[in-house]
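*Asks:* Take a look and give me a structure for this.
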Amino acid sequence: MSLLPLSGISVVECSTGMAGRLAGLLLADQGATVIVCREGGEPAPLDAYLDRGKHIHAGAEPACSAGADVVIRDGTDNGERIHEQIRLAITAVLPGETAYPFPDEVGDDILKAVSGFYTDLAMTRSLLGDNVLYTPVPLCSVYAGVLGATAVGAALMDRLRSDTGRDIVISRLAAGLSSVGALALEVGGIPEHLKTGPIISLPPELAAHVGKARADKAYFEWLKRQMNPLFACYPAADDRQVMFLSVIHRDYARRLLETLGIWEDMQALGVVDLPIYDSSNAEYADHNIAVAQNLRLPLRAKLAELIAAAVARKPAEEWERILGEANIPCAMVRDFDEWRASDHARQSGIVETVGGCDWPQLGRAVRLASAKPYPALHIGTTGKTSLPASQSATAKEAAKLAAPLAGMRVVDLANVIAGPACGRMLAELGAEVIKVDSTQPEHAPAVTVVWPGELSQGKRSILLNLRQEDGREILRRLVAQADLVVFNKLDPVMKRLGLDRAGLARLNPDAIAVQLSAFKGERPGSHDDYPGYDPLLQAATGIMTRFGSSDAPELHGLASCVDYLTGYIAAFGAIVALFARERRPERGGDWVDTSLASAASFIQASFQVTPAPVGTANCLRKVKDGWICVEPADADIPGISELTVPEALTAAKSAGIIAAPVQSIAELKARHRENPSADVAFKTSSGDLPAFNLRQTWFHFDGSPLPELAAAPAPGANAQEILQELGYGAADIEKMMSVGTVGQVLWGSPSELKAVE
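*Replies:* Here you go, the predicted model:
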């Protein structure tokens, strides 16, 4: 059996909240000895999961906690920290927060209200005028648990170099905000030919259908297909729903229509397939399948009609298999229980049988090749447990670094949101990150230009043509110097690049690969090479039916519940692998993997035993000019419907009721654009693509936020300096740019750039 990466690390978990317990679970799953200190009370059914692999100490905190490597608590610890100890405090809000002065024990419902989760996640429902919709998913606590474990891993890495511990505070409010960066983002300076419409919108010509769609779920499903035929659900031959998401990828869109047998029909109507990064193709924008959200409405309607007719010819699960094997994103819509019982979830280890538990639990969220085969999972044990000796040196104290991963090098080959979010989080924690993108992108500009305004902060950028040997040689030089290589490409693509496990080991024996996939688990499974995106995994794992219903599945945000979480889980795994590497005498690389499916399951961890509690939506109260959220949910505020939001909040406070305004992200930005709070702050950057972003407040080390990230560069902006650092001369660089081995900034041609200058 392999040595687990956190073997020898001791954790005392003095937390009763979900966030602290999830942080402890992630650490225990990777081999840490976690002692749970919890007084009294009957065990809850979910304890079998949250206490998995831990040692339960009933009663007061044991004296041995003074010798623990890590202590996890709810609320800040004002006592004196032992020199090498890492203390993780999970709070509701950051110390000094005045705009949202909630007690640490406040529930997630209140925090979700102020974060935009009730207003900005139901993207299609809001088009019908449903501006406030409750979500039971405990986003803030789950994100705080993952960020807490990630911060502990980074502090352990730093301790290897500085021999000192850290005081870490993770605010659940700030952690929740870490999942909405793409929704809060504003980017300017985008060239005209790269501007596209929203991925989901309601054209004025369809506004007349809203009334009927509000009253008839089936009609609403029809309307969603008219809005974006390549980002919608369709009933299959067995009346089960199938979801497609090919709207943001040119090749996926074309091949989907070919596989369904309708591409020639669309061509006959004038639809073309042309690269949108060539500005000369801008005139085709309203009939180019590469930007399907821009199609003229009659073309959208016909496309939706043809897809519906084709899908109705086969059962949903057969479509998932046919298209998945053809490398086209598709998912059958399931509920959470059906997903957990599915052959793939059980076969792959995304769902596991756990010793001592009579129901199947979610498996490890992230896996390291060096730890395989992992030991079988088991429920927590009760009894006395001695802490292992600390693995930290004690000889001397070195100066602590400004950020714990300073000096680590990352090559980020990922695209869309999950993988780049992993790279950005590693940059937040101090790593040097080089972002590599294609000179010939298939993804739409939302993926390549807009979202990187948030996701490429703190990185440097280069565009490479990896179909050319010189482009692959540049990549090999980058990887040869890297500690981490992050990618969301599937195994066949990595093999073609020479960066599969054997190829990477030859090129850089100490490099750690971090692979984010759609469906992979701890063991091989039937869906391992199927592609996917956040919304598809929402469909496959039950999130869309939880937010909507089986016959009218509802999108739960574009990225907030799966994409960012996958990226952050990957960052946790990457840091754990770095820590394990640094402790091995022979060092040596590793292969870390997680998936959208693992994260989509993890975000629903609290629903493994019982469904979402009925009636929690009652916490939302309509008032005269908006909505508020109250805790407890059954709190009575007389005459609340006649009060304004400020009046209702005042009345609640007078009655001893915790209350918060239900804010949209737009309202959050308006409130804090010029008036930042400890948890909620924004920043504006200048440059080729000026961006307005959330400021990272979710990591507080030793009483301060981490250093602010540099603004995201325009794609390709750092090519020359990166190539010079790799040893290329000016003549070589000029030649590679002239022949397209290295891309120009924002995919411009040399002549276009000269014209701009």
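
*Asks:* quick one: low-confidence ranges for the stretch 301-450 of the chain?
*Replies:* Within the stretch 301-450 of the chain, the set of residues satisfying pLDDT under 70 comprises 384-401.

*Asks:* at 50 what do you get?
*Replies:* Counting by pLDDT under 50, the stretch 301-450 of the chain contains low-confidence residues at 391-397.

*Asks:* Strands of that one, start to end?
*Replies:* Ranges of strands in the stretch 301-450 of the chain, per DSSP state E, counting those that start in this stretch, are 330-332, 351-352, 361-362, 367-368, 381-382, 409-412, 432-438.

*Asks:* Can you give the contact residues for the third one?
*Replies:* Spelled out, it's strand 361-362. Applying Cβ atoms under 8 Å, 6 or more residues apart in numbering, the external contacts of strand 361-362 come out as 48-49, 52, 340, 350-352, 354, 377, 601-602, 605, 608. For every residue, glycine as well, the C-beta is placed using N, CA and C.

*Asks:* which of the residues you listed tops the neighbour count?
*Replies:* Neighbour counts for the contacts of strand 361-362 peak at Ile350, which has 29 neighbours (criterion: other Cβ atoms under 10 Å).

*Asks:* how much space between the closest residue to that one other than its chain neighbours and Ala421?
*Replies:* Sequence neighbours aside, Gly521 is the residue nearest to Ile350 in space, at 4.0 Å (criterion: Cβ to Cβ, 6 or more residues apart in numbering). For Gly521, the distance to Ala421 (Cβ to Cβ, to the nearest Å) stands at 21 Å.

*Asks:* Check Pro191 too.
*Replies:* When distances are taken as Cβ to Cβ, Pro191 and Ala421 turn out to be 25 Å apart.

*Asks:* For the two, indicate the residue with more neighbours.
*Replies:* Neighbour totals were compared for Pro191 and Ala421, and Ala421 leads with 29 against 18 (other Cβ under 10 Å).

*Asks:* Next, the contact list for that one, please.
*Replies:* Counting by Cβ under 8 Å, 6+ apart, Ala421 makes contact with 181, 455, 563-564, 566-568, 571.

*Asks:* Could you report the distance from Asp77 to Asn288?
*Replies:* Taking Cβ to Cβ as the criterion, Asp77 is separated from Asn288 by 58 Å.

*Asks:* follow-up on the earlier one: the contacts of Ala421 into a markdown table, with extra columns for neighbour count, distance to Val366 and secondary structure?
*Replies:* Compiled in a markdown table, those are given as follows (neighbours: other Cβ atoms under 10 Å; distance: Cβ to Cβ, whole Å; DSSP: H, G, I helix; E, B strand; the rest coil):
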| residue | neighbour count | distance to Val366 | secondary structure |
| --- | --- | --- | --- |
| Gly181 | 22 | 21 | helix |
| Leu455 | 33 | 20 | helix |
| Asp563 | 29 | 15 | helix |
| Tyr564 | 28 | 15 | helix |
| Thr566 | 33 | 10 | helix |
| Gly567 | 34 | 11 | helix |
| Tyr568 | 27 | 10 | helix |
| Ala571 | 33 | 9 | helix |
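
*Asks:* Can you give me the neighbour number for the nearest residue to Ser685 once chain neighbours are set aside?
*Replies:* Closest residue to Ser685 in three dimensions, ignoring its sequence neighbours and counting by Cβ to Cβ, 6+ apart: Ala711, at 3.2 Å. Residues within reach of Ala711, counting by other Cβ under 10 Å, total 20.

*Asks:* Also Lys622?
*Replies:* By the other Cβ under 10 Å criterion, the neighbourhood of Lys622 contains 13 residues.
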